[in-house]
Structures are given as C-alpha cells and as structure tokens.
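Q: Curious how this folds, go ahead:
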Amino acid sequence: MANQNNRRGAIKKLKLLTYNSKTTVDQYRAKLEEEYKTMFLPNKVERSEYKYGNIVCDVLAPEIYSSNRILIYVHGGCFVGGSRVAYRAFCSSIASKTYSRVIIPEYRLAPGYTCPAAIEDIQSVFKGVFTEEQIACSLNSEPGKIILPEIILAGDGSAASLICSLIFNLRDRYRNCIKEVVLFSPWLDVSENSRILNAKKSSDEIMSADVIRKSCADYTYAANTNSPNLSPLLADDGLLKNFPPVYIQMGEKEILLEDAKYFAERLVANGNQCKLDVWPDMMYMFQMADEYLKESHLALDKIGYEITDHDFGEKAVQIDNQPPLEYSLKSEA
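A: Numbers count the residues shown, from 1 in each chain. Below you'll find the model as predicted:
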C-alpha cells in the first residue's frame with residue numbers, strides 16, 4: 001500500500017480529473033491538460049494522427065501488437081474536458097500492456113457541443129475503425145478463411161455512458177466484433193433520482209455529487225439524464241441482451257461502486273459476462289496516478305492479462321507504427 005505522502009499526492013493529482021461548481025470550463029480543461037500531458041510517450045509507443053469518420057484521432061502503436069486487435073479509448077473528463085493530449089501517456093501504457101493499437105478520438109465537448117454530439121462522434125469513429133479493420137483483415141486472411149477484427153472499447157468516468165450508448169445502438173454485425181468493454185470508474189446513473197446525487201455522506205476522496213450534477217448540467221437538460229444513453233444503469237433488459245463482455249476496474253472507496261455492482265448483476269442476469277475488479281483502499285481513477293501509487297502499475301498489468309487472455313503469440317506483428325490501411329484520412333492538423 002502506498003504511504004500517506006504518496007496517497008496525498010495521488011489525490012491532489014486525481015482531483016484535477018473532476019469538474020465542479022468552483023471552476024470554469026476553461027480552468028478545468030487547462031489544469032487537466034497541464035497536469036497530464038507528456039512530452040515523451042512511454043514504452044517506445046509511437047503516435048500518428050488520423051481521421052476516422054471525419055473525427056481527428058491519435059493512433060498509438062506499441063513495438064509489438066496484435067494485427068487484428070484494436071482498442072478505441074473514449075476519454076473521460078466529465079463531458080466538458082479531456083483530450084488526446086491529456087490521455088496520451090495513460091493510453092500509451094494501455095497500448096503496451098495489451099499489445100494493441102489504441103485510438104483516442106477528439107470528440108466534441110460540452111457546453112459548446114451538448115448531447116448527443118459526443119455520442120455521434122464516437123459512433124462515427126467506431127464505424128470508421130470497423131470498416132478499415134474489416135478490410136485489413138480480409139486482405140491478410142488466407143483464401144476461404146474469414147478473420148473478423150477484434151475491437152475493444154475502453155473508457156473512464158463519464159465516457160461509460162458514451163460507450164454504452166454506442167453499444168445500445170449497434171447492429172449485431174458490429175456488436176459481434178467487440179471483444180470486450182473495459183470501464184474504469186464508470187458513471188452509470190446520473191439521473192435525477194440517482195442514489196449518488198441523493199446521498200447525504202460519502203467517503204469518496206475524489207468524486208462527489210456536485211461533480212456529476214455540474215457536469216450533467218453543462219452536457220444536457222435534466223430530464224434527459226433518465227435516458228439509458230446517459231444513465232446505462234436504467235437501460236431495460238432488451239438493451240442489455242447480447243452485450244459484449246465487460247470488465248470494470250475501480251477503487252473500493254468510490255461513491256460509484258454500488259452502481260457498478262448493480263450494473264454487473266444486471267448484465268449477468270441478462271446472459272452476459274461481467275467482471276468487477278475492486279481494488280482495496282483505492283480511489284477514483286487511481287490508475288492515472290502511477291508516479292504515486294504502485295497499485296496503478298499493477299492494475300494496468302491486470303488489464304493487459306484480461307485483454308490478451310494470456311495467449312499473445314501468433315497474431316503478433318513487429319512494429320510498423322502505421323494504421324491498418326495507408327489510405328486512412330490523415331489529419332491536416
């Protein structure tokens with residue numbers, strides 16, 4: 001367990017992930033990017049910039065990666081903040097641990113672009129990635145053998161609703177190519193009747209009802225928070241049928257934990273796979289405080305094992321640090 005000084009440092013850093021009534025949008029975005037940006041990507045990961053579905057994205061490629069697996073990371077940021085720059089270091093570590101190329105979309109943010117702009121952008125990116133990966137797999141497959149792309153969806157905090165909304169609206173041919181969904185500290189119920197918003201006390205050192213209430217007020221109108229596209233926990237059983245396997249990783253001290261437990265139970269009750277990985281004495285998004293907490297490194301190691309299924313081998317290719325098809329739309333930015 002990290003010592004008290006390291007824990008204080010981690011909490012101070014992680015609080016910058018939250019947007020509350022005491023800060024403006026511009027202040028929140030600036031502090032988040034300043035704290036989390038990096039000049040050099042770890043683990044010899046290389047970055048390209050491409051457009052999928054006309055959305056500018058980072059493409060992060062580790063030295064060795066699976067040729068038919070790709071991970072789309074939808075960053076958190078309370079619907080109003082976060083960026084490719086702020087999440088490059090964290091997603092580079094995920095790329096290395098999972099032997100996967102990682103795509104980080106620069107989707108539109110509130111309050112300039114309210115719901116459903118972000119959902120539409122993630123849908124566009126997913127379909128663009130799916131199309132390119134499907135073509136790449138067909139070009140690389142043996143005659144008569146069909147290889148489907150393996151797409152992993154991952155995200156943190158508020159991004160959970162964007163990912164679930166995407167899945168709720170996908171046809172089966174798309175859903176069947178989603179190998180797994182990885183959620184870090186997900187926001188699953190932001191409705192007016194949410195247990196979190198109505199709780200009187202909380203031991204959570206990072207997240208609060210004020211953060212969720214303020215974020216949602218800038219993202220959408222109050223009545224819309226009851227929609228499963230904003231609050232996946234409220235989805236009916238029909239939307240949860242044939243849901244991809246889900247892995248949720250979070251800290252024991254989070255105010256969000258009870259919602260995650262209930263969401264996991266509902267997924268399993270509807271015939272799906274869901275693993276809830278709770279880390280003792282850890283806080284919201286502890287994985288992003290790796291300079292303070294050894295648990296951060298161990299947690300990402302576990303994500304790597306979960307995604308690769310311990311059998312990384314014949315599908316590996318040596319680094320070429322390019323997207324699967326050379327005719328991807330390269331960003332002019």
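
Q: Can you list the low-confidence ranges for the protein?
A: Within the chain, the stretches with pLDDT under 70 are 1-5, 141, 144, 146, 310-333.

Q: any idea where the helices of it begin and end?
A: 4-14, 25-36, 84-98, 117-140, 159-168, 172-175, 195-198, 209-219, 237-240, 257-269, 294-308 (DSSP state H).

Q: Rebuild those helices as a markdown table, extending it with distance to residue 226 and mean neighbour count.
A: Where you see a C-beta, it was placed from the backbone N, CA and C, and this is true even at glycine. As requested, these are exported to a markdown table (distance: least, Cβ to Cβ, whole Å; neighbours: other Cβ atoms under 10 Å):
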| stretch | distance to residue 226 | mean neighbour count |
| --- | --- | --- |
| helix 4-14 | 29 | 16 |
| helix 25-36 | 24 | 16 |
| helix 84-98 | 29 | 23 |
| helix 117-140 | 16 | 19 |
| helix 159-168 | 12 | 25 |
| helix 172-175 | 24 | 12 |
| helix 195-198 | 12 | 16 |
| helix 209-219 | 11 | 21 |
| helix 237-240 | 14 | 14 |
| helix 257-269 | 15 | 17 |
| helix 294-308 | 31 | 17 |
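
Q: Contacts only, for residue 277.
A: Applying Cβ atoms under 8 Å, 6 or more residues apart in numbering, one finds that residue 277 lies in contact with 247, 248, 249, 250, 299, 302.

Q: Quick check: the gap between it and residue 296.
A: 14 Å (Cβ to Cβ, to the nearest Å).

Q: Present the helices of the chain as TSV; the columns should include distance to residue 46.
A: Converted to TSV, those look like this (distance: least, Cβ to Cβ, whole Å):
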stretch	distance to residue 46
helix 4-14	26
helix 25-36	19
helix 84-98	9
helix 117-140	18
helix 159-168	24
helix 172-175	28
helix 195-198	40
helix 209-219	33
helix 237-240	38
helix 257-269	34
helix 294-308	19
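
Q: can you tell me which of those helices comes nearest to residue 67?
A: helix 117-140 (6.7 Å; Cβ to Cβ).

Q: hey, C-alpha coordinates of the closest one in PDB?
A: Extracted C-alpha coordinates of helix 117-140, given in PDB (Å, rounded to 0.1, in the frame of the first residue of the first chain):
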ATOM      1  CA  ALA A 117     -22.700  15.500 -30.200                       C
ATOM      2  CA  ALA A 118     -20.200  13.300 -28.300                       C
ATOM      3  CA  ILE A 119     -22.300  10.200 -28.900                       C
ATOM      4  CA  GLU A 120     -22.500  10.900 -32.600                       C
ATOM      5  CA  ASP A 121     -18.700  11.400 -32.800                       C
ATOM      6  CA  ILE A 122     -18.000   8.100 -31.100                       C
ATOM      7  CA  GLN A 123     -20.400   6.300 -33.400                       C
ATOM      8  CA  SER A 124     -18.600   7.800 -36.400                       C
ATOM      9  CA  VAL A 125     -15.200   6.700 -35.100                       C
ATOM     10  CA  PHE A 126     -16.400   3.200 -34.400                       C
ATOM     11  CA  LYS A 127     -17.900   2.600 -37.800                       C
ATOM     12  CA  GLY A 128     -14.800   4.100 -39.500                       C
ATOM     13  CA  VAL A 129     -12.500   1.800 -37.500                       C
ATOM     14  CA  PHE A 130     -14.700  -1.200 -38.100                       C
ATOM     15  CA  THR A 131     -14.700  -0.600 -41.900                       C
ATOM     16  CA  GLU A 132     -10.900  -0.300 -42.100                       C
ATOM     17  CA  GLU A 133     -10.200  -3.200 -39.800                       C
ATOM     18  CA  GLN A 134     -12.600  -5.400 -41.700                       C
ATOM     19  CA  ILE A 135     -10.900  -4.600 -45.000                       C
ATOM     20  CA  ALA A 136      -7.400  -5.100 -43.500                       C
ATOM     21  CA  CYS A 137      -8.400  -8.500 -42.100                       C
ATOM     22  CA  SER A 138      -9.800  -9.600 -45.400                       C
ATOM     23  CA  LEU A 139      -6.600  -8.600 -47.200                       C
ATOM     24  CA  ASN A 140      -4.500 -10.500 -44.700                       C
END
